[in-house]
Each structure stands twice: as structure tokens, then as C-alpha cells.
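S.K.: kindly return the folded structure for what I paste below:
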Amino acid sequence: MRRPPGPGAIGAARIAAARGNRPARLAEIAREYGDVVYVRVGPSGFYLLSHPELAHGVLVAHDDRFQRIPGERRYSRWVLGESLFASEGELHARQRALIDPILYGRAPDQHAKEMVEFASGMTSEWRQGETIDVLAHHEEMTTAIMVKVLFGEDGPRGRALARALLDAIEASDAIPLAPTRIPRRVPLPSKRRFRRALAQLHRLIDEAAAASGASTDPSVDVLSQLRAARGPDGRGMSDAQARDEAIGLYRGQKRVAAAGLSWTWHLLGTHPEAERRFHEEVDALGGRPLTYADARRLPYTLMVFREALRIHPPSWILARKSIAPHPVGTYEIPAGATVLVSPWVHHRDARFWKEPEAFRPERFADGVPQLPLGAYFPQGAGPKRCPGLDLLPVEAVMVLATIGQRWRLRPQPGHTVVPWATAFLAPRGGLPMVLERRAGLS
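M.R.: Prediction:
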């Protein structure tokens, strides 16, 4: 079978050597070799698809021909069981049908309230002229918000639950992955640590569920709504499945939200005119606490966030394994092959974005531009897209506006911000910025 052109073993070695700078290296390969590239890695390799129509074909139109790669599915199952982020096929479709009405029902308004409350609480401890790590602050804030929204917990029990979530995910990250399944009977210390952390997390979530069940209004938190959800056939999900789905929603949102907000502050801090327009729009609301309805009154803030996700998509790479042959142009991807599509590469394609390296929120003045499907997908696309696809931008607007009412975030002098790509794209080593209280505001 004829394979597409590609950089060969040397090119693969250069990708590996690029480490955190791999998105830029993949973009170079796409420009050099075209929209369909084969990169050999050892005895196998991967296909890199860099045209919107090809990405749409894999993620949306022919999703049934592709699954998440085995390593990702094994990793997800350790933490998330058979939840939305780890399942495929009929189970995945059924769970999404149960979850989507919850995420787009009462959750948005409740989530917005928590966003405003926790953003205000975070900034109450800020001091004029102080240098903070914006990424770390937003990760801590996002974790607190998600624990409250998902499990209905704050205070001491909420903090314990947040710590358990972080411990379980950090412990799972420490388990070495390999191209083949690691036998569960191998007594690795990292596995023992992970099992202890996961057992503690499950215990705390079960306690939160019991407390919520005794409440006069248990439907406020998402976990309770997941446990009560029923499909048209009257079937719901088990308590364990609901628990795993809630953990999955936390894992899927936490780093994406924190990284996306951090990149937005960095771009605002380095583009004075955009920052001025942002503050003018926020000030027009009068400095009062914001509500979910105010999101419609902040169109420029939404434009800024969407452009930040275009330039620095936290979910910078999506990997799939083909389970059936799939044509791409004049080539065919065989069953069993690994396929990569990169929002970073697509979002910086000069064929579809004018001056793609430039920060121009006005691109989104009329919503997402009318471009080929697959030209802009910062949160994925198709059945395996982020469950909060339409929620994250609105929630981010609430946080940005709440903070922007009182503060400017200035770049730290002498610090160079470097994108660093691991599972997510975030500023390397965090994002130090200097706090500046806005004149005339308390």
C-alpha cells in the first residue's frame, strides 16, 4: 500500500527531541510534506492529517471508524472506569444522551454563580504589585469550582475532596505506560499509591453523595443529577458509573479551563488595545456581581477567549486508532493505524486564517468564522468532543469579567512565556504576572 510522504526516522527523532515544543514541529512537518503525512516511529508510525476536511472526516463524519488510542483508553479506565472519556460505541452514545441534558440544563446557571463567587474569593487575597503564578491560581480556583458544582461540596470536606482528586490523577500519571498492556499483577509502587488514592477519592465522593441525598434539594450538584438521570427507556446509570462520570467531567475541564484562562490573561497583558476594549466592556456592567445572563453582554470578552483558544489550544493534539480502512485524499489509512490531528496546526494554517500568528479577537466578531468544518476545534469535535463544548467559553467569560472589574494582570518583566505541550498545552513553568489594581476601584 502506498504511504504518504513524511520525514522518516530522522524526522520522528526531531519530534521526540522537541519535547514540549512538539506542536510547532508538527506544524513544520505539515507545511513541508502536505495535508497527509506518515511519520515512522520504530516498527510502526502515525498519520498526521492537516486539512480541515480530513480532520472532520476522522472526528465527526466517520467517527465510527476510529477509537481513542489504546494507551489513552487504558489510562482513562484506571481513573474513570467506563465513563464518557473512556468508553466507545453504544455505551458512549448512551452516556452522552444522559449527560448532555444535565450540562445544558440547570448546570450553566449554577456553574456561573460558582465561577463568580470563587473568582471573587481568589482575588480577595491579591495584593497590589504582587507577582503570582496565574496558571496555579486558576487551577486551584477551577478545582474548587468543579468540586462545588459536581459534588456540592466546599469547606473542609470540599477541600479534602479536591485534594483526593488531585492525588488520584497525579498518582495515575506516575504509572508508566507502554505500547502494550501492563499486567495489573505487576506490583509497581506507583500502582499501589494509585489504588490507595483512588479508594480514598471514591470514599469521599460516596460520602458527598450520601450528604446530598439527605439534602432538601439534592438536584443542585451534578453528581445527584447523574444518579437520577433516566433515558427514554427508563434506564439510568449505576451509582459507580455516575461517580466515574463526575470524575471524568472534572478531569476534562480542570486543566483546559485553567490553561485557557491563563493564555487569555497573557495575551491581554501583551496587547494593550485589546485589554483596553476588554476593560471598557466589563466596566459598562457597573462593577456589580455578574450573573449568567450577563454573558450575553460581554461579546468582546468572548471574542478574546475564543481567539486565545485558537492561538494556544490547551487540547493541542487528538489521537485516534483506526478500526477500519479510511480514505484520505489519494491515500488510505489501514485498520490499526494511529492518526493524529492537531488543533494547533489547524488553527495556524494560513490558508484559512489571515495572519494566523497574530492575536485578533475581531476574527470572532460574528461568532466562529464561516470556515471549513475542522478549521477551528479547540475542544474537539464529533461524538467524542468535550462534554462542555458550549459551556466553557461562557464560564470563562464570567471569570475574566469578574477579575477584570478590579484587576489588570501585567507580564512579569524579563520573563519569556514559552508554550509547553504535554497532555495539555500550558505555559512552561507556570505564568508569572504582576497584579495591578485598577485605579478608582476597591
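
S.K.: would you state the helices of the stretch 51-200 of the chain in chain order?
M.R.: For the stretch 51-200 of the chain, helices defined by DSSP state H, counting those that start in this stretch occupy the ranges 52-56, 70-80, 89-103, 107-123, 134-151, 155-173, 189-213.

S.K.: now the weakest link among those helices, please, by mean pLDDT.
M.R.: Least confident of these, judged by mean pLDDT, is helix 70-80 with a mean of 75.

S.K.: by contact count, what packs against that helix?
M.R.: If contacts are counted by 3 or more C-beta pairs under 8 Å, 6 or more residues apart in numbering; DSSP states H and E, helix 70-80 sits against helix 155-173, helix 189-213, helix 239-269. Bear in mind the C-beta positions are built from the backbone N, C-alpha and C, glycine included.

S.K.: who's in contact with Phe364?
M.R.: Phe364 makes contact with Leu302, Met303, Arg306, Glu307 under the criterion C-beta atoms under 8 Å, 6 or more residues apart in numbering.

S.K.: do Phe352 as well
M.R.: Remark: with contacts taken as C-beta under 8 Å, 6+ apart, Phe352 is in contact with Pro52, His346, Leu371, Pro372, Ala375.

S.K.: pLDDT weak spots in the stretch 301-442 of the chain?
M.R.: 389, 440-442 (pLDDT under 70).

S.K.: out of the contacts of Phe352, who's the most crowded?
M.R.: His346 (28 neighbours; other C-beta atoms under 10 Å).

S.K.: let me know whether that residue touches Pro372 as I believe.
M.R.: No: the pair His346 / Pro372 is not scored as a contact, 9.6 Å apart, by C-beta atoms under 8 Å.

S.K.: joint contacts of those two?
M.R.: Taking C-beta under 8 Å, 6+ apart as the contact criterion, the residues that touch both His346 and Pro372 are Pro52, Phe352.

S.K.: give me the element Arg40 is part of.
M.R.: Taking DSSP states H and E as the definition, one finds Arg40 inside strand 36-41.

S.K.: can you pull the buried residues of that strand?
M.R.: Buried positions in strand 36-41, judged by neighbour count with 16 or more other C-beta atoms under 10 Å: Val36, Val37, Tyr38, Val39, Arg40.

S.K.: and the nearest residue in space to Ala27 that is not next to it in sequence, what helix or strand is that in?
M.R.: In space, not counting the residues next to it along the chain, Ala27 is nearest to Val345; the distance is 4.9 Å by C-beta to C-beta, 6 or more residues apart in numbering. Secondary-structure element containing Val345, defined by DSSP H and E: helix 343-347.

S.K.: which SSE is immediately downstream of that helix?
M.R.: Taking DSSP H and E as the definition, the helix or strand that follows helix 343-347 towards the C-terminus is helix 391-404.

S.K.: tell me the angle that following helix makes with helix 89-103.
M.R.: Angle, helix 391-404 to helix 89-103, by axes from the mean of the first three to the mean of the last three C-alpha atoms, to 10 degrees: 40 degrees.

S.K.: report all helices and strands that helix 391-404 contacts.
M.R.: Using 3+ C-beta pairs under 8 Å, 6+ apart as the contact criterion, the neighbours of helix 391-404 among helices and strands are helix 107-123, helix 239-269, helix 272-283, helix 299-311.

S.K.: export those helices to CSV and tack on distance to Lys384?
M.R.: What follows is the helices and strands packed on helix 391-404, written out as CSV (distance: least, C-beta to C-beta, whole Å):
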stretch, distance to Lys384
helix 107-123, 20
helix 239-269, 11
helix 272-283, 33
helix 299-311, 18
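
S.K.: now these in JSON lines, with distance to Lys191 and mean neighbour count?
M.R.: Formatted as JSON lines, the helices and strands packed on helix 391-404 follow (distance: least, C-beta to C-beta, whole Å; neighbours: other C-beta atoms under 10 Å):
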{"stretch": "helix 107-123", "distance to Lys191": "34", "mean neighbour count": "19"}
{"stretch": "helix 239-269", "distance to Lys191": "18", "mean neighbour count": "24"}
{"stretch": "helix 272-283", "distance to Lys191": "47", "mean neighbour count": "16"}
{"stretch": "helix 299-311", "distance to Lys191": "35", "mean neighbour count": "23"}
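
S.K.: rewinding a little: to Gly89, which of the helices and strands packed on helix 70-80 lies closest?
M.R.: Comparison of those against Gly89 by C-beta to C-beta identifies helix 239-269 as nearest, at 15.6 Å.

S.K.: and the average pLDDT for that closest one is what?
M.R.: Here the average pLDDT along helix 239-269 is 90.

S.K.: quick one, which of the helices and strands packed on helix 391-404 gets closest to Asp154.
M.R.: The minimum distance between Asp154 and the helices and strands packed on helix 391-404 falls on helix 107-123, with 8.8 Å, by C-beta to C-beta.

S.K.: what is that closest one packed up against?
M.R.: Using 3+ C-beta pairs under 8 Å, 6+ apart as the contact definition, the elements that helix 107-123 packs against are helix 134-151, helix 391-404.

S.K.: helices or strands next to the first one in the packing?
M.R.: With contacts defined as 3+ C-beta pairs under 8 Å, 6+ apart, helix 134-151 has these neighbours: helix 107-123, helix 155-173, helix 189-213, helix 222-228, helix 239-269.
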